[in-house]
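> predicted model, plus sequence, below.
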Amino acid sequence: MNMNRKKVLSIIGTAVVCASALGFGMSAQASESSKITSTTNVQELSTLNNQETQAISQAAARVLYHTERAKLAIADKKKDEALKQVAQGIKLIKIIHKAVPKYKITTNIKASGLKYKTSEEVAQRYVTVIDNSYVEDVVTPVVQAKKSKSFHHHKAIVNPEEDFSMVRRTTVTLDTFLAGRMLNIAKADIKANKLDDAGKALTVIQTNGVMLDAVSVELPLAEAADNLYLAQAEMSNHHYKNALLTLKKASENLKAYGKISGHTHAKEVGILTHDIDRLTSAIDAHHDKKKLESMMKDASNDMTSWWHEVKSWFK
């Protein structure tokens, strides 16, 4: 991945964070002839590496897991167990809030000689849950809770009728601010022996605090994303030969996708497969174990960028 493409991805990522992850939008500066002008500047104060991002996502998944366990304990009238599960969820929320990226937001508004300026530091509010090992314990209860609240438009996530060449992927995003507030309310209600109210507070996390975004993906493209993600995991565990083999499979998946996708992303697929093949060929040319490990470590950022790029092609 060349530096220009990395810069573009960085700019796009910052824009997404500003518009959605922080929960507000930025207004454009008005022309000089306007009676009022406004500017908003977002300065990133901290960032996360790939492993830290995955750890936060896993923490968010565990929040949803403990939320469901607490609800089950309340249904069984097990007050102590419910408190234990809620306490675990609260602890995880605190960890997430300590670790998520922080931003400094500066707003300037001017009109008729009057000036307004404010500056504040805010933390990223929404966290994406990407750990698929929690699908049964996390996603299913959320979907069922939403269905019980007449969220009928999520029905397709549970029973999708799709062509055999397509797979459906669901992105789960947690509102950590809402989750933290509802967990604390549930804790107070349980202590006051208001178990029904506590259960309702926990259900709010599942129905209002979780966003499900379902996308249909061509099977080869989905497999390419999986293999790129797996290659990163193999490399993180120092399984460099497995990572290399998985990268080669990802290239094969992308070439298969290119044959069925027509003109869609044809140019990008060609560039990406060329980059992957160039890396794997260079690594194959070296049989020294230390050289192999060094080259794989150097390619870590590239693999992360490739995975994000492939995911951006999902419909």
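Received the coordinates, thanks.

> so where's the stretch 51-200 of the chain uncertain?
130-170 (pLDDT under 70).

> please, where are all the helices along it?
Under the criterion DSSP state H, counting those that start in this stretch, helices of the stretch 51-200 of the chain are mapped to 79-99, 140-148, 155-158, 176-191, 195-207.

> residue ranges of the strands in this structure, please?
Using DSSP state E, the strands found in the chain span residues 36-44, 102-111, 114-123, 126-129, 166-175, 210-218.

> wait, residue 90 touches residue 188, no?
No: assessed by CB atoms under 8 Å, residue 90 is found out of contact with residue 188, at 11.3 Å. C-beta coordinates here come from the backbone N, C-alpha and C atoms, glycine included.

> pop the domain breakdown of the protein in here.
10-132+164-208, 219-311 (automatic domain parsing).

> next one: the longest one to chain centre, how far?
When you say that, I think you mean domain 10-132+164-208. Remark: domain 10-132+164-208 is offset 12 Å from the chain centroid, using CA atoms, centre = their mean, to the nearest Å.

> re earlier: among the helices of the stretch 51-200 of the chain, which is nearest residue 289?
helix 79-99 (34.5 Å; CB to CB).

> got the angle for the closest one vs helix 195-207?
Relative orientation of helix 79-99 and helix 195-207, computed by axes from the mean of the first three to the mean of the last three CA atoms, to 10 degrees: 40 degrees.

> list the buried residues for helix 79-99?
Within helix 79-99, the residues that qualify as buried are 82, 83, 85, 86, 88, 89, 90, 92, 93, 96, 99, counting by 16 or more other CB atoms under 10 Å.

> and of these, the nearest to residue 236?
Lowest distance from residue 236 to these (CB to CB) belongs to residue 99, with 18.2 Å.

> show me the contacts for that closest one.
Residues near residue 99 by CB atoms under 8 Å, 6 or more residues apart in numbering: 48, 52, 55, 56.

> neighbour-wise, which of the residues you listed leads?
residue 56 (23 neighbours; other CB atoms under 10 Å).

> what's the separation between it and residue 95?
Separation of residue 56 from residue 95 (CB to CB, to the nearest Å): 8 Å.

> now swap in residue 120 and tell me
Counting by CB to CB, the gap from residue 120 to residue 95 is 23 Å.

> and for the closest residue to residue 270 other than its chain neighbours, the neighbour number?
Closest residue to residue 270 apart from its sequence neighbours, by CB to CB, 6 or more residues apart in numbering: residue 258 at 7.1 Å. Number of residues near residue 258 (other CB under 10 Å) recorded here: 20.

> before we move on, what about residue 312?
So residue 312, with other CB under 10 Å, has 11 neighbours.

> tell me the contacts of residue 189?
195, 197, 198, 201.

> now with 10 Å?
74, 82, 86, 195, 196, 197, 198, 199, 200, 201, 202 (CB atoms under 10 Å, 6 or more residues apart in numbering).

> now the closest residue to residue 300 other than its chain neighbours: how far from residue 51?
Leaving aside its sequence neighbours, residue 300 sits nearest to residue 235 (CB to CB, 6+ apart; 6.5 Å). In this view, residue 235 and residue 51 are 11 Å apart by CB to CB.

> same thing with residue 179?
Distance, residue 179 to residue 51, using CB to CB: 23 Å.

> neighbour-wise, which of those two wins?
Higher neighbour count among residue 179 and residue 51: residue 179, with 27 against 10, using other CB under 10 Å.
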